[in-house]
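Q: Let's see this in three dimensions:
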Amino acid sequence: MSAGGMVLAATCNQNPSLFRSIVLQVPFVDVLTSMLDEDLPLTLHEQDEWGRPVQCAEDFRTIQQYCPYHNIPVSCQFPAALVQCNGNDTRVPFWQVVEIFVRTCVCV
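A: Residues are numbered from 1 along each chain as shown. Take a look at the predicted model:
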């Protein structure tokens, strides 16, 4: 999964004026929702890296603070973006990529 895409998306949410354009290829943009869903294929294996938000309130708050999907500014000027997803990727479900794209378009 693209943790690099998560970092870029989070940075763009915090400081969109730093970028004229961004490329997100299969970005992991909804860390919180994914880590809360223990039925997703890799959630249990990823807990050592991302945390255990179901069991630990501090992990929940930490992920919530940086998770791109949950921190989209209400209104801002986002840079131009090329966002790609993969319909067959079991690590980053395509609907997460589509959801953040739709949400950022609504916020502009």
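Q: Val54 and Ser34 touch, don't they?
A: No: applying CB atoms under 8 Å, one finds Val54 not in contact with Ser34, separated by 11.6 Å. (Glycine included, C-beta is placed from N, CA and C.)
Q: Could you list the low-pLDDT ranges of this structure?
A: Scanning the chain with the threshold set as pLDDT under 70 gives 1, 106-108.
Q: the strands in it, which residues?
A: According to DSSP state E, the chain carries its strands in the segments 21-25, 80-84.
Q: want to throw those strands into JSON lines with mean neighbour count and distance to Phe101?
A: Output for these, formatted as JSON lines (neighbours: other CB atoms under 10 Å; distance: least, CB to CB, whole Å):
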{"stretch": "strand 21-25", "mean neighbour count": "15", "distance to Phe101": "9"}
{"stretch": "strand 80-84", "mean neighbour count": "13", "distance to Phe101": "5"}
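Q: which residues touch the longest helix seen in the chain?
A: Of all segments of type helix in the chain, defined using DSSP state H, the longest is helix 94-107. With contacts defined as CB atoms under 8 Å, 6 or more residues apart in numbering, helix 94-107 is touched by 9, 24, 26-30, 33-34, 68-69, 72-76, 78, 81, 83-87.
Q: Pull out the buried positions in that helix.
A: Using 16 or more other CB atoms under 10 Å as the burial criterion, the residues of helix 94-107 that qualify are Gln96, Val97, Ile100, Thr104.
Q: How about stretch 39-52?
A: By 16+ other CB under 10 Å, the buried positions in stretch 39-52 come out as Thr43, Glu46, Gln47, Trp50, Gly51, Arg52.
Q: first vs last residue of it, how far apart are they?
A: In stretch 39-52, first residue to last residue: 14 Å (CA to CA, to the nearest Å).
Q: separation between Asp59 and Leu18?
A: According to CB to CB, to the nearest Å, Asp59 stands 28 Å off from Leu18.
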